[in-house]
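Chemist: can't give you the sequence, but here's the structure:
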Ligand SMILES: Nc1nc2c(ncn2[C@@H]2O[C@H](COP(=O)(O)OP(=O)(O)OP(=O)(O)O)[C@@H](O)[C@H]2O)c(=O)[nH]1
Ligand SMILES: [Mg+2]
């Protein structure tokens, strides 16, 4: 008799366990729905889309010319010093891309750093840095300082293409010369910034230089790829512009 009672008790306990587990299911489903909705809302409304390619470089390097060529293959751009951004939306295979031509004027540098390289950094998918290859030997240090700051301020997180423009001019340096000269300049900037910092407050200079200042700088020390291309934006053929366009829409 006792053993029958025991079996009955066991069965009752099992049924209670099962019914307890069943009441947990709606709670689990509710939690899942709340988490799913929160993730969906975040992705849809708050996450910034990584869809912008920023064109920058010293004034007169040919940024607006390249921007116009990308907009319209056979355009003959009439450009003058830009004082504000040119923005263009591109539709590539159903995806919206934004191309921003940021003026090279020195007084707008702070705005470039604060807006694009910090606040809007998470929207950047690439930076196209344009160099005037004809005036490069005279302005190598200025070009290097500007590019160095762009790489540093963007936390080295954005892929960079360096467009060595104005290849049609006699004095133009090749992309190879520009590449190696900039490497040497970056080594010098690393060293001078690191010793300047060590001389002032003794703070950790490694975080404020692009790479380890004890080594020669090479492009492959950066975490994101840096590519070089030769181009001519002002003539009809637009030599090299197709490579730039492909890199932008890739
Ligand atoms: N020869 C030659 N001239 C070029 C080339 N690309 C641009 N230029 C000329 O260089 C000048 C400056 O070009 P822009 O495109 O206005 O330069 P930018 O970089 O936009 O200059 P900012 O707006 O001041 O920052 C213009 O007179 C262009 O016609 C090129 O490939 N070859
Ligand atoms: Mg311009």
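Modeler: Received it, and whenever you're ready, just let me know what you need. Model, not experiment: these values are computed from the prediction. Numbers count the residues shown, from 1 in each chain. Ligands and ions are numbered 1, 2, ... in the order given.
Chemist: quick check: domain ranges of the chain?
Modeler: 1-47, 49-249 (automatic domain parsing).
Chemist: the last one spans what distance, first to last residue?
Modeler: What it means is domain 49-249. Start-to-end span of domain 49-249 (C-alpha to C-alpha, to the nearest Å) is 15 Å.
Chemist: how far out from the middle of the chain is that domain?
Modeler: 11 Å (C-alpha atoms, centre = their mean, to the nearest Å).
Chemist: check whether that domain contacts ligand 2.
Modeler: Yes - for domain 49-249, a contact with ligand 2 is found by C-beta under 5 Å from the ion, at 63, 64, 82. C-betas here are computed from N, CA, C, even on glycine.
Chemist: most surrounded residue in the residues you listed?
Modeler: Neighbour counts for the residues of domain 49-249 next to ligand 2, by other C-beta atoms under 10 Å, peak at residue 63, which reaches 26 neighbours.
Chemist: tabulate the domains of the chain (a markdown table), appending mean pLDDT.
Modeler: Output for the domains of the chain, formatted as a markdown table (pLDDT from 0 to 100):
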| stretch | mean pLDDT |
| --- | --- |
| domain 1-47 | 80 |
| domain 49-249 | 90 |
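Chemist: which of those domains sits most buried?
Modeler: domain 49-249 (a mean of 17; mean count of other C-beta atoms under 10 Å).
Chemist: now check that one, is it near ligand 1?
Modeler: Yes - residues of domain 49-249 contacting ligand 1 under C-beta under 6 Å from any ligand atom: 57, 59-65, 79, 81-82, 103-104, 165-166, 168-169, 232-234.
Chemist: direction included, what does the longest strand along the chain pair up with?
Modeler: Longest strand of the chain, by residue count under DSSP state E: strand 124-132. Using DSSP bridges, strand 124-132 pairs in its sheet with strand 52-57 (parallel), strand 160-165 (parallel).
Chemist: checking the most centrally placed residue in the chain next. Helix, strand or coil?
Modeler: For the chain, the residue nearest the mean C-alpha position is residue 158 (2.8 Å; C-alpha atoms, centre = their mean). Secondary structure, DSSP: H, G, I helix; E, B strand; the rest coil: residue 158 is coil.
Chemist: that one reaches residue 123, doesn't it?
Modeler: No - at 10.2 Å, residue 158 does not count as touching residue 123 under the criterion of C-beta atoms under 8 Å.
Chemist: next one: the top helix by length along the chain to chain centre, how far?
Modeler: Across the chain, the helix with the greatest residue count (assigned by DSSP state H) is helix 2-41. Between the centre of helix 2-41 and the centre of its chain there are 49 Å (C-alpha atoms, centre = their mean).
Chemist: now the helices for the chain?
Modeler: Under the criterion DSSP H, the chain contains helices at 2-41, 63-71, 109-111, 136-153, 175-200, 241-249.
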